[in-house]
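*Asks:* When you get a sec, could you give me coordinates for this:
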Amino acid sequence: MSSLTAIFGNSEVKSQDSDKLMDLYWNRAELKKEFAGMRKEQFRLQDVIKQQEGAKCRLQQKLDHLESLLVDAQLSHNVVVFYQLRGLGHKCERKVAKFAEQLKQQREQKRHSSVLVTWNEQRQAEAKDVELQLLEKRDAVLQLEDQLQAEQRRLASMSGLKRLFSGRSAMKLVDGLAGELEVAVQKERMLNEAIDEIKNRQPPDHQGLEIPAKRSINLMIISFAQQLYIHFAEFRIADLIKESTEKSVGAINYGTRYECDELLGRIQKSIESMEQSTEFADVLQKRAKMIGELAKFPGSNDAVPIADTAATLFQFDSNGLVRKSDANLVGENYWGMSKIFSR
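*Replies:* Okay, here's the model as predicted:
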């Protein structure tokens, strides 16, 4: 035996060596996998660092450029006008966004209230129907109880001879009534549980707006955007605001220091009059209706109109007369409307 072991080796030892080799193989595979993952993460972090360095470099260039503009006495007043216009543009965007959000909340609340009214009416009708069934079942239970008690008394009052001839049929009748009563009581209990379930139902959650409601909101957004555009149309302030959001500081020359100061004064007066102007709800609705009469939509499931079909500017004078002009505010994305629309 020892000679055979020497020739072929011990099978148990070979099995242990094989297991160790397999463990080493899998450990090596796992290590290679982890190493590959670490290298991939390293490359990703290096790309992030490069992007951050690039962004930092661009920001530093902007700061250097701004500093050079502010140092130059001939250009510094242009910088002030530029950022005043850009700030006013952001202010208008926030006003349009707030207006859109309020509209959306109002429409959602109105729709949810309508859904709740319908849901509550259906719930009450269902509860009433079950309550009627419960009353009928309760009457049936009382009748069965009275009948069962009467039969039980009749059975108990039977004499020996009568019980001998009629007792079995009377007992069968009592058992049958008891069975019917048990079924009726169970049905009554189920109807009570059904009423509790109906009364304890949770109301439906808020549901999203349908396409017609979204379209109505978007038409009002365009109407409000036109209102702001008309308000800042004097001295081309609206166009200057749009230009400041598309170009960089220093790329626009607003004129001499005197001209810049004059423009700043106009901007300030326009802002003050905008804040004081609140009575234009009827105008917005009237304008939105006119925009909607011309607006076309890409498809039946689209809520945002095709820009060219909503490019007519409607302006109302003090006598109620309507003046029309071309102003594609949607296509040119005035006041950041593209990210405000309901979709």
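
*Asks:* can we go C-alpha only for contacts and neighbour counts from here?
*Replies:* Will do.

*Asks:* Correct me if wrong: residue 217 contacts residue 100.
*Replies:* Yes - using CA atoms under 8 Å, residue 217 is in contact with residue 100, at 7.1 Å.

*Asks:* Just the buried residues of the helix or strand hosting residue 225, please?
*Replies:* In this assignment (DSSP states H and E), residue 225 forms part of helix 211-231. The neighbour-count check on helix 211-231 (16 or more other CA atoms under 10 Å) flags 211, 213-231 as buried.

*Asks:* between residue 217 and residue 100, what contacts are shared?
*Replies:* Residues touching both residue 217 and residue 100 (CA atoms under 8 Å, 6 or more residues apart in numbering): residue 341.

*Asks:* Phi, psi for residue 321 please.
*Replies:* Dihedral pair for residue 321: phi -70, psi 150, per degrees, to the nearest 10.

*Asks:* check contacts around the nearest residue to residue 294 once chain neighbours are set aside.
*Replies:* Excluding its sequence neighbours, the residue lying closest to residue 294 (CA to CA, 6 or more residues apart in numbering) is residue 309, at 6.1 Å. Residue 309 makes contact with 294, 295, 296, according to CA under 8 Å, 6+ apart.

*Asks:* pretty sure the first one contacts residue 311?
*Replies:* In this case it means residue 294. No - using CA under 8 Å as the test, residue 294 is too far from residue 311 to be in contact (9.1 Å).

*Asks:* With neighbour numbers in mind, choose between those two.
*Replies:* Using other CA atoms under 10 Å as the criterion, residue 294 and residue 311 rank with residue 311 on top: 21 against 13.

*Asks:* phi, psi of the more buried one?
*Replies:* phi -100, psi 10.

*Asks:* Break the protein into its domains for me.
*Replies:* For the chain, automatic domain parsing gives the domain ranges 2-69, 117-199.

*Asks:* Of those domains, which is nearest residue 80?
*Replies:* With CA to CA, the closest approach to residue 80 among the domains of the chain belongs to domain 2-69: 10.3 Å.

*Asks:* for the chain, which spans come out with low pLDDT?
*Replies:* Within the chain, the stretches with pLDDT under 70 are 1-17, 62, 64-71, 73, 160-167, 278-279.

*Asks:* Quick check, central residue of it?
*Replies:* residue 208 (7.1 Å; CA atoms, centre = their mean).

*Asks:* For that residue, give me its contacts.
*Replies:* Residue 208 neighbours (CA under 8 Å, 6+ apart): residue 108.

*Asks:* Same question for it, what's its three-state structure.
*Replies:* coil (DSSP: H, G, I helix; E, B strand; the rest coil).

*Asks:* same for the helix holding residue 225, what does it pack against?
*Replies:* helix 76-156, helix 281-294, strand 312-316 (3 or more CA pairs under 8 Å, 6 or more residues apart in numbering; DSSP states H and E).

*Asks:* Put the alpha carbons of it into PDB.
*Replies:* Extracted in PDB, the C-alpha atoms of helix 211-231 (Å, rounded to 0.1, in the frame of the first residue of the first chain):
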ATOM      1  CA  ILE A 211     -53.600  68.400 -22.200                       C
ATOM      2  CA  PRO A 212     -56.400  71.000 -22.600                       C
ATOM      3  CA  ALA A 213     -55.600  72.400 -19.100                       C
ATOM      4  CA  LYS A 214     -51.800  72.500 -19.900                       C
ATOM      5  CA  ARG A 215     -52.500  74.300 -23.200                       C
ATOM      6  CA  SER A 216     -54.600  76.900 -21.400                       C
ATOM      7  CA  ILE A 217     -51.800  77.500 -18.800                       C
ATOM      8  CA  ASN A 218     -49.200  77.900 -21.600                       C
ATOM      9  CA  LEU A 219     -51.400  80.400 -23.500                       C
ATOM     10  CA  MET A 220     -51.600  82.400 -20.300                       C
ATOM     11  CA  ILE A 221     -47.800  82.200 -19.900                       C
ATOM     12  CA  ILE A 222     -47.300  83.600 -23.400                       C
ATOM     13  CA  SER A 223     -49.900  86.300 -22.600                       C
ATOM     14  CA  PHE A 224     -48.000  87.300 -19.500                       C
ATOM     15  CA  ALA A 225     -44.700  87.200 -21.300                       C
ATOM     16  CA  GLN A 226     -46.200  89.600 -23.900                       C
ATOM     17  CA  GLN A 227     -47.400  91.800 -21.100                       C
ATOM     18  CA  LEU A 228     -43.800  92.100 -19.800                       C
ATOM     19  CA  TYR A 229     -42.500  92.600 -23.300                       C
ATOM     20  CA  ILE A 230     -44.900  95.400 -24.000                       C
ATOM     21  CA  HIS A 231     -44.100  97.000 -20.600                       C
END
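
*Asks:* next SSE after that helix?
*Replies:* helix 237-246.

*Asks:* Following element in sequence after that following helix, please.
*Replies:* By DSSP H and E, the next helix or strand past helix 237-246 is helix 257-276.

*Asks:* most neighbours per residue, which of the domains of the chain?
*Replies:* Ranked by mean neighbour count under mean count of other CA atoms under 10 Å, these are led by domain 117-199, which reaches a mean of 15.

*Asks:* where's that domain relative to the chain centroid, distance-wise?
*Replies:* 51 Å (CA atoms, centre = their mean, to the nearest Å).

*Asks:* And for stretch 318-337?
*Replies:* Mean C-alpha position of stretch 318-337 versus that of the full chain (CA atoms, centre = their mean) differs by 29 Å.
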